[in-house]
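> Following is a predicted model, sequence given first.
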Amino acid sequence: MAMIESATVYRLRPGWRLQWEQAQGRHVLLYPEGMVQLNDSAGAILGQLDGQRDVASLVANLQAQFPDAPAAAIEQDVHEFLLDAARQGWIQHD
Amino acid sequence: MTDRTDTVAVNGATGAPLWLLAELTYRCPLQCVYCSNPLDFAAVEEELTTAEWIEVLTQARAMGAVQMGFSGGEPLVRRDLEELVAEARRLGFYTNLITSGLGLDEARIEALREAGLDHIQISLQAADPDVAAAVAGSPKAHAKKLAMARAVKAAGYPMVLNVVLHRHNIDRIDEIIALCDELGADAVELANCQMYGWAHLNREGLLPSREQLEAAEATTARWRERLAERGRDMRLLFVVPDYYGERPKACMGGWGSIFMTVAPDGAVLPCHSARMLPMRFPNVRDHGLREIWYDSEPFNRYRGDAWMQEPCRSCDERHKDVGGCRCQAYLLTGDAAATDPVCSLSPDHHLIEAARREANAASPAMETLTLRNVHESQVFCRQ
């Protein structure tokens, strides 16, 4: 099974855009002639991808943002989501 | 974790129009024999002004629309395209330009990029110039398109190419995909021509045989394997013609469900083909978009399932395919509320079977098909 490396810097696929949609009350991922409607955790994770941050600091940020959730569970959720997002071609890394 | 917008809305509260298609003009330098514009497009004279289009964009965005396409005709004919793109982007739309590539040059690509355009989709008619010229009624368009496809890619845009397939080019699909690969496309829509507008008029000369279709699907599948082996990320989307389905498509995700088209003169439609239906669609020059979407009779006529006839009415799949396409039902049966004859359960399905038989027999030559132009259109304006 593929693994997520802590030092990897992911970014959105070129030409794709993450946006908060007030009318839908959620984040959406916009791409040529299409849209993925994201749940809260997916929106929070993708919102961390700024082209600089690696996976480790992304996880640390989210752990600080949600102190009530178990840290290990956040890390696992992030890794699973990034694997899935990369497989679907939403995100890329060098 | 996620849900997609391509799910079908069924009964219940009407949601927001997430998609806006702005058909800026019916003017076009090409004359494609399968154009989806209405046959009588020449009757439309007064296009919306720049200020009127900006008002449309503003209202649609306030309602929740987020994806939008600039289309036509050829949208590049409008000199205010850059201004409209900039306004759309400022409002928060994801902006797609759907173009033939004619009217584009490096300077205009740069101006569109500065305006914030997110995506450009260029259409190709064929891999070889001769077929492309016959389909589009223009001998020089093909070379220009290839040059513009390369320029769009060089400008850093994701490149999505759209190729409309029909019986005169589908056997060359191997060369078509090879050309798209060579151009560096990120995605290719291999869209079999659907039979509306000018395509319906020319149907006998456009619908491929089942044998042609199956061969093309097999070639596409082989290409997918080869691309994967090379690690080349070029998605191939093969769209089967409705006429070879056994169940209809859930057209537009349901009538007045997520999609709204504004035509060049401000008529508001549930899809870009609906203009030929025997109903009067409201116009943004007379009413606000919100009122049109939520309250107008045409937008409510085929929402939900209360309007359905048998066999749809009692069918378990009625919320899956929403009875198919209203335009197709009307074009084939004369009744827009009928079950889409594509469905094998439809009492009119024999019409589809007859069209398939026709397609498997001899077919008119490319040169005999009716080109989409103002002169030909005027014949339909007088009817």
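Great, that's in hand. Numbering: from 1, shown residues only, chains lettered A, B, ... in the order given.

> so where is chain B shaky, pLDDT-wise?
B:1-12, B:382-383 (pLDDT under 70).

> for it, which helix is longest?
helix B:210-230 (DSSP state H).

> quick one: buried residues of that helix?
B:212-213, B:215-216, B:219-220, B:223, B:227 (16 or more other CB atoms under 10 Å in any protein chain shown). (C-beta placed from N, C-alpha, C; glycine too.)

> Over to stretch B:235-246?
B:236, B:238, B:240-245.

> For stretch A:57-65, give the mean pLDDT please.
Averaging pLDDT along stretch A:57-65 gives 94.

> and that stretch, how far from the chain's centre?
Here stretch A:57-65 shows a centroid-to-chain-centroid distance of 12 Å under the convention CA atoms, centre = their mean, to the nearest Å.

> how about that stretch: buried residues?
So stretch A:57-65, judged by 16+ other CB under 10 Å, has buried residues A:58-59, A:61-63.

> Angles on the backbone of the closest residue to residue B:318 other than its chain neighbours, please.
In this structure, residue B:318 finds its nearest non-sequential neighbour in residue B:312, 5.0 Å apart by CB to CB, 6 or more residues apart in numbering or on different chains. When quoted as degrees, to the nearest 10, the phi and psi of residue B:312 stand at phi -60, psi -40.

> mind checking how far residue B:312 is from residue B:304?
Distance from residue B:312 to residue B:304, counting by CB to CB, to the nearest Å: 12 Å.

> The two: who's more crowded?
residue B:312 (23 against 18; other CB atoms under 10 Å in any protein chain shown).

> Please verify my assumption that the more buried one contacts residue B:341.
No: counting by CB atoms under 8 Å, residue B:312 stays clear of residue B:341, with 11.9 Å between them.

> burial of residue 33, as a residue count?
You didn't pick a chain, so chain A it is. 19.

> Sorry, I should have been clearer: chain B.
25.

> Check residue B:145 too.
The burial count for residue B:145: 24, using other CB under 10 Å.

> Wait, it touches residue B:120, no?
No: the pair residue B:145 / residue B:120 is not scored as a contact, 11.9 Å apart, by CB under 8 Å.

> ok, back up a step: show the secondary-structure elements that whichever helix or strand comes after the longest helix of chain B is packed against.
Next in sequence after helix B:210-230, counting helices and strands by DSSP states H and E, comes strand B:235-239. Helices and strands touching strand B:235-239, by 3 or more CB pairs under 8 Å, 6 or more residues apart in numbering or on different chains; DSSP states H and E, are strand B:187-192, helix B:210-230.

> So which elements touch the helix or strand following strand B:235-239?
If you walk from strand B:235-239 toward the C-terminus, the next helix or strand you reach (DSSP H and E) is strand B:259-262. When contacts are defined as 3+ CB pairs under 8 Å, 6+ apart, strand B:259-262 packs onto strand B:19-23, helix B:50-63, strand B:268-269.

> Adding distance to residue B:354 and mean neighbour count, write the ones you listed out as JSON lines.
Converted to JSON lines, these look like this (distance: least, CB to CB, whole Å; neighbours: other CB atoms under 10 Å in any protein chain shown):
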{"stretch": "strand B:19-23", "distance to residue B:354": "32", "mean neighbour count": "24"}
{"stretch": "helix B:50-63", "distance to residue B:354": "41", "mean neighbour count": "18"}
{"stretch": "strand B:268-269", "distance to residue B:354": "29", "mean neighbour count": "24"}
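
> among the ones you listed, which is nearest chain A?
Among the helices and strands packed on strand B:259-262, helix B:50-63 comes nearest to chain A, with 7.3 Å by CB to the nearest CB.

> And the next helix or strand past the closest one?
strand B:67-71.

> Name the residues that touch the very next helix or strand once past that next one?
Sequence order places helix B:81-91 as the next helix or strand after strand B:67-71, per DSSP H and E. With contact meaning CB atoms under 8 Å, 6 or more residues apart in numbering or on different chains, helix B:81-91 is reached by B:22, B:24, B:50, B:53-54, B:57-58, B:61, B:68, B:70, B:75, B:78, B:95, B:97, B:108, B:111-112, B:114-118.

> 6 Å instead?
B:53-54, B:57, B:61, B:68, B:75, B:95, B:111-112, B:115-117 (CB atoms under 6 Å, 6 or more residues apart in numbering or on different chains).

> among those residues, which two are most distant?
B:61 and B:111 (22.3 Å; CB to CB).

> Which one of the residues in the stretch 151-300 of chain B is closest to chain A?
Counting by CB to the nearest CB, the stretch 151-300 of chain B gets nearest to chain A through residue B:158 (3.9 Å).

> any idea how far that residue lies from residue B:120?
9 Å.

> Can you tell me the closest non-neighbouring residue to the most far-flung residue of chain A relative to its centre?
The outermost residue of chain A, judged against the average C-alpha position, is residue A:23 (21.5 Å), by CA atoms, centre = their mean. Using CB to CB, 6+ apart and skipping residues adjacent in sequence, the residue nearest residue A:23 is residue B:64, 3.2 Å away.

> Am I right that that neighbour is in contact with residue B:14?
No: counting by CB atoms under 6 Å, residue B:64 stays clear of residue B:14, with 11.5 Å between them.

> pull the longest helix from chain A.
helix A:71-87.

> Paired strands for the helix or strand following that one, with orientation please.
Going down the chain from helix A:71-87, the next helix or strand is strand A:91-93, by DSSP H and E. Within its sheet, strand A:91-93 is paired with strand A:10-12 (antiparallel), according to DSSP bridges.

> If you count neighbours, what's buried in the partner strand?
So strand A:10-12, judged by 16+ other CB under 10 Å, has buried residues A:10, A:12.

> what element comes up after that strand heading to the C-terminus?
Assigned by DSSP H and E, the successor of strand A:10-12 is strand A:17-21.

> Find the closest residue to chain A in chain B.
For chain B, CB to the nearest CB, closest residue to chain A: residue B:64, 3.2 Å.

> Out of the buried residues of stretch A:57-65, which sit inside helices?
A:58-59, A:61-63.

> can you put those in JSON lines and add distance to chain B?
Shown next, in JSON lines, are these (distance: CB to the nearest CB, whole Å):
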{"residue": "A:58", "distance to chain B": "17"}
{"residue": "A:59", "distance to chain B": "17"}
{"residue": "A:61", "distance to chain B": "20"}
{"residue": "A:62", "distance to chain B": "15"}
{"residue": "A:63", "distance to chain B": "19"}
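
> burial measure for residue 39, as a count.
The chain I'm using is chain A. 12.

> wait, chain B
With other CB under 10 Å as criterion, residue B:39 counts 22.

> I'd say it and residue B:380 touch.
Yes: the criterion here is CB under 6 Å, and residue B:39 meets it with residue B:380 at 4.0 Å.
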